[in-house]
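Q: starting from these lines, generate the structure:
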Amino acid sequence: MVARFDRAPLQGFVQTPGGLQADGLELLTPEGTLVQIPYSETKAVCFVREFDNAETWKRNRSFAARPKTAGLWIQLRFRDGDTLEGLIPNNLLQVETAGYSVIPPDPTFQNQRVFVPKEALESVQVLGVIGSPLRRRAKERAAKDNQLEMFGE
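A: This is a model prediction of the structure:
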């Protein structure tokens, strides 16, 4: 489902990463029509479980508590003032040039993943780093420092 700023949402299929192009996205409608949608009109692309008329955009847009899954916990602020929290990978090689692929707060909800084009955003704020490898290395180093040497190495 493609949520748009000034128009009704569209249902269809977006092939990733091939459907996310430099200037817009390609949507294959359930009727079989291929539609080009510019990123300037796109608010978010919701990858949903099923195409029923259930709500996909208005609910469950922030975490009730700190997330448990590893990644960057971010808050996206849209041009129209809306906000969405989610998780993105803590790996710069996985960041897409056209926007952000976000894991939404409620995994039991209709949306499994949400793609948000950079053109739709006013700001992006990192709220936390979950499962940082730096913290793990510090713990390993502390455990190693507390280890007794047996053979005078």
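Q: spatially central residue in this protein, please.
A: With the centre of the chain defined as its mean C-alpha position, the nearest residue by CA atoms, centre = their mean is residue 102, 0.5 Å away.
Q: apart from its neighbours in sequence, what residue is nearest that one?
A: Residue nearest to residue 102 in three dimensions, not counting chain neighbours: residue 86, with 3.3 Å by CB to CB, 6 or more residues apart in numbering. Quick note: C-beta positions are derived from backbone N, CA and C, even for glycine.
Q: that neighbour in helix, strand or coil?
A: When states are read from DSSP: H, G, I helix; E, B strand; the rest coil, the local structure at residue 86 comes out as strand.
Q: so what pLDDT did it get?
A: Note on residue 86: pLDDT of 92.
Q: next one: residue 78 from residue 95, what distance?
A: Residue 78 is 19 Å from residue 95, where distance means CB to CB, to the nearest Å.
Q: more neighbours: which of these two?
A: Higher neighbour count among residue 78 and residue 95: residue 78, with 17 against 12, using other CB atoms under 10 Å.
Q: got the contact list for the more buried one?
A: Applying CB atoms under 8 Å, 6 or more residues apart in numbering, one finds that residue 78 lies in contact with 43, 84, 116, 120, 121, 122.
Q: Throw the residues you listed into TSV and include secondary structure, neighbour count and distance to residue 11, thanks.
A: As requested, those are exported to TSV (DSSP: H, G, I helix; E, B strand; the rest coil; neighbours: other CB atoms under 10 Å; distance: CB to CB, whole Å):
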residue	secondary structure	neighbour count	distance to residue 11
43	strand	25	15
84	strand	22	20
116	strand	26	18
120	helix	24	19
121	strand	16	23
122	strand	12	27
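Q: how about these in a markdown table, adding distance to residue 151?
A: Written out in a markdown table, the entries for these read as follows (distance: CB to CB, whole Å):
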| residue | distance to residue 151 |
| --- | --- |
| 43 | 64 |
| 84 | 56 |
| 116 | 56 |
| 120 | 61 |
| 121 | 58 |
| 122 | 61 |
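Q: what is the nearest of those residues to residue 8?
A: Taking CB to CB as the measure, residue 8 sits nearest to residue 43 out of the contacts of residue 78, at 11.8 Å.
Q: quick one, what contacts the closest one?
A: 3, 4, 5, 78, 80, 82, 116, 120.
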